[in-house]
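1. fold the following.
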Amino acid sequence: MNFTPRNALASLFTALAVTLIAIGANGLGFFLGYQLKTSILFDIYGPFLTGYLVLFVLVFVAAFLGWLRSRWIALAVGVVAAGVAGALSIYLNIASQDLSGATFAQIFEYLFQLNVIFVSAATVATVAAGPVVYRRVSATGVGRSRQVALVRAPAATLADGLVTHIRRKKVDVELANEQWDAYVEALNTCGWNTVEVEPSETLADSVFVEDTVVMLGNVAVITSPGAAEREEEIVATEVAVRALGLKVERIEKPGTLDGGDVLKIGTTVYVGSGGRTNGEGIRQFRAIATKLGYTVVAVPVTKALHLKSAVTALPDGTVIGYAPLVDNTELFPRFQPVPEQHGTAVVVLAADLLLMSKAAPKTAALLESLGYNVVTVDISEFEKLEGCVTCLSVRVR
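-> From the prediction side, this is the model:
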């Protein structure tokens with residue numbers, strides 16, 4: 001996880017929200033359980049004060065470390081945080097009560113009744129509110145800067161991701177997570193605020209968030225993935241872009257369009273027509289883009305998974321690509337071949353700053369000779385799944 005002021009602020013609000021919900025639910029439970037006696041509300045907060053403070057601290061730490069990125073992880077955090085906080089409340093209540101003469105069963109019943117509402121409320125609040133508040137505060141905090149990049153953490157099933165044009169290789173999921181963290185850190189270091197789309201533990205290819213949305217100014221075009229296994233990925237992405245206050249358009253079936261097939265150069269948008277994007281998807285996209293002042297140019301893609309697996313563009317509009325993967329280089333006004341397959345993809349972070357794969361040192365040297373500053377990241381595990389640096393984020397400006 002990235003240790004940034006924005007992360008700390010989002011974690012603070014998340015912990016505060018969870019704790020306040022737990023306090024409110026706990027108070028309501030006792031209020032109803034004690035026949036609507038308001039006096040009970042003042043009596044219960046003292047014994048639970050330490051528990052509330054412990055819950056706040058534990059949820060803050062969990063959010064700061066990125067453990068509330070999904071509801072399943074939040075559930076585990078909620079159970080542990082509520083259990084630890086509740087256990088301390090039990091200990092303090094044992095120390096403060098005169099239980100002489102009471103049987104063990106009586107003591108257990110007393111403590112269980114006193115504590116169950118708090119533990120239940122804290123757990124539910126962590127699961128229901130934790131991930132939502134964290135994402136919303138993150139989105140609000142960065143929405144004003146317009147230097148936003150959407151990212152999505154790898155699924156536990158990443159190794160089962162689709163491969164089409166290359167031979168399947170074993171994916172090290174633990175290493176992939178480390179590489180993803182480094183990728184996100186590179187974006188943050190270079191001035192981009194990352195907003196996380198809620199991850200999925202079952203959608204293997206969901207880390208390649210670029211394929212689920214195309215940005216046209218302040219309009220987010222939710223795509224229609226060409227692979228049936230990826231269709232559910234768009235749901236969480238739409239939630240994230242709506243949280244940023246963006247207008248949403250959609251590509252509908254039978255049209256298919258992957259974001260990796262869309263290359264924007266100024267007001268010209270090249271769309272790759274190939275295995276994942278079909279003619280109907282291009283027609284729908286053209287109708288949306290034309291209204292916004294863009295010109296859409298369809299180009300064939302038969303040698304690579306996506307258009308941007310074969311070509312991307314430099315800030316000056318020059319298209320770069322690995323020639324053996326490009327169907328027709330003459331379709332682009334300016335084409336610069338690169339010497340390595342993994343050098344085809346660059347993410348433009350600024351007018352003179354590019355992000356690219358560490359696996360293409362010759363291409364990096366070429367781009368530096370053209371006057372660009374180049375930041376490289378190791379994404380070897382994602383490259384085994386036909387991924388590249390552009391696949392792992394979506395820039396919102």
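2. could you chop the protein up by domain?
-> Residue ranges of the domains in the chain are recorded as 5-138, 145-396, according to automatic domain parsing.
3. export those domains as TSV, with columns for mean neighbour count and mean pLDDT.
-> In this view, the C-beta of every residue, glycine as well, is placed from N, C-alpha and C. Converted to TSV, those look like this (neighbours: other CB atoms under 10 Å; pLDDT from 0 to 100):
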stretch	mean neighbour count	mean pLDDT
domain 5-138	18	73
domain 145-396	19	95
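4. and the helices in the stretch 251-397 of the chain?
-> Remark: helices assigned in the stretch 251-397 of the chain by DSSP state H, counting those that start in this stretch are 279-291, 307-310, 361-369, 380-383.
5. quick one: the strands in the stretch 51-200 of the chain?
-> Listed from the start of the chain, the stretch 51-200 of the chain has strands (DSSP state E, counting those that start in this stretch) covering 148-152, 193-197.
6. mind giving me the packing neighbours of the first one?
-> So the one you mean is strand 148-152. With contacts taken as 3 or more CB pairs under 8 Å, 6 or more residues apart in numbering; DSSP states H and E, strand 148-152 sits against helix 173-189, strand 193-197, helix 233-243, strand 394-396.
7. wait, which of the ones you listed is closest to residue 315?
-> Distances from residue 315 to each of those were compared using CB to CB; the shortest belongs to strand 394-396, at 12.7 Å.
8. dump the residue contacts of residue 214.
-> When the contact criterion is CB atoms under 8 Å, 6 or more residues apart in numbering, the partners of residue 214 are 220, 221, 223, 257, 259, 262, 285.
9. among those residues, which one sits closest to residue 231?
-> Using CB to CB, residue 223 comes nearest to residue 231 of the contacts of residue 214, at 9.9 Å.
10. make sure the closest one is actually in contact with residue 209.
-> No: under the criterion of CB atoms under 8 Å, residue 223 is not in contact with residue 209, lying 10.7 Å apart.
11. quick one, what contacts the closest residue to residue 129 other than its chain neighbours?
-> Once flanking residues are discounted, residue 129 sits nearest to residue 17: 5.2 Å by CB to CB, 6 or more residues apart in numbering. Contacts of residue 17 were listed using CB under 8 Å, 6+ apart, and they are 125, 129, 130, 133.
12. go on, residue 345?
-> Going by CB under 8 Å, 6+ apart, residue 345 touches 308, 309, 312, 356, 357, 388, 389, 390, 391.
13. dump the residues you listed into JSON lines; add distance to residue 319 as well.
-> Converted to JSON lines, those look like this (distance: CB to CB, whole Å):
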{"residue": "308", "distance to residue 319": "11"}
{"residue": "309", "distance to residue 319": "14"}
{"residue": "312", "distance to residue 319": "7"}
{"residue": "356", "distance to residue 319": "15"}
{"residue": "357", "distance to residue 319": "18"}
{"residue": "388", "distance to residue 319": "15"}
{"residue": "389", "distance to residue 319": "16"}
{"residue": "390", "distance to residue 319": "13"}
{"residue": "391", "distance to residue 319": "18"}
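14. distance of residue 210 relative to residue 387?
-> The gap separating residue 210 from residue 387 is 9 Å, by CB to CB, to the nearest Å.
15. correction: the previous question concerned residue 318.
-> In terms of CB to CB, residue 318 sits 23 Å off from residue 387.
16. could you do residue 165 as well?
-> Plainly put, residue 165 is 12 Å away from residue 387 if you go by CB to CB.
17. with residue 380 instead?
-> Taking CB to CB as the criterion, residue 380 is separated from residue 387 by 10 Å.
18. try residue 343
-> 15 Å.
19. swap in residue 164?
-> 12 Å.
20. is residue 197 in a bridge, and if so with what?
-> Each beta-bridge partner of residue 197 is listed here, defined by DSSP bridges: residue 152.
21. so it sits against residue 234, correct?
-> No: counting by CB under 8 Å, residue 197 does not reach residue 234; the two are 10.2 Å apart.
22. list residues touching both of the two?
-> Taking CB under 8 Å, 6+ apart as the contact definition, residue 197 and residue 234 share no neighbouring residue.
23. you'd agree residue 293 is up against residue 267?
-> Yes: judged on CB under 8 Å, residue 293 makes contact with residue 267 at a distance of 5.9 Å.
24. show me what contacts the residue nearest to residue 168 when sequence neighbours are not counted?
-> Using CB to CB, 6+ apart and skipping residues adjacent in sequence, the residue nearest residue 168 is residue 384, 7.8 Å away. Taking CB under 8 Å, 6+ apart as the definition of contact, the neighbours of residue 384 are 163, 166, 168, 169, 170, 171.
25. and the residues you listed, which is closest to residue 322?
-> Here the nearest of these to residue 322, counting by CB to CB, is residue 166; it sits at 13.5 Å.
26. surely the closest one and residue 386 touch.
-> Yes: Residue 166 is within contact range of residue 386, at 6.0 Å (criterion: CB under 8 Å).
27. do you know how far the residue nearest to residue 262 when sequence neighbours are not counted is from residue 203?
-> The spatially closest residue to residue 262, leaving aside those adjacent along the chain, is residue 214, at 4.9 Å (CB to CB, 6+ apart). Here residue 214 is placed at a distance of 19 Å from residue 203 (CB to CB).
28. got it, and residue 397?
-> Residue 397 sits at a distance of 26 Å from residue 203 (criterion: CB to CB).
29. residue 256 now?
-> Summarising the geometry, the distance separating residue 256 from residue 203, computed by CB to CB, is 17 Å.
30. what do you get for residue 327?
-> Distance from residue 327 to residue 203, counting by CB to CB: 30 Å.
31. same thing with residue 82?
-> For residue 82, the distance to residue 203 under the criterion CB to CB works out to 29 Å.
32. then residue 230?
-> The spacing between residue 230 and residue 203, counted by CB to CB, is 7 Å.
33. and residue 52, what is it in contact with?
-> When contacts are counted by CB under 8 Å, 6+ apart, residue 52 touches 19, 22, 23, 85.
34. which one of those sits closest to residue 13?
-> The shortest distance between residue 13 and any of the contacts of residue 52, using CB to CB, involves residue 19 and amounts to 10.8 Å.
35. by how many degrees do the strand or helix carrying that closest one and strand 193-197 diverge?
-> Element membership for residue 19, per DSSP states H and E: helix 5-33. With axes from the mean of the first three to the mean of the last three CA atoms, to 10 degrees defining the directions, helix 5-33 sits at 40 degrees from strand 193-197.
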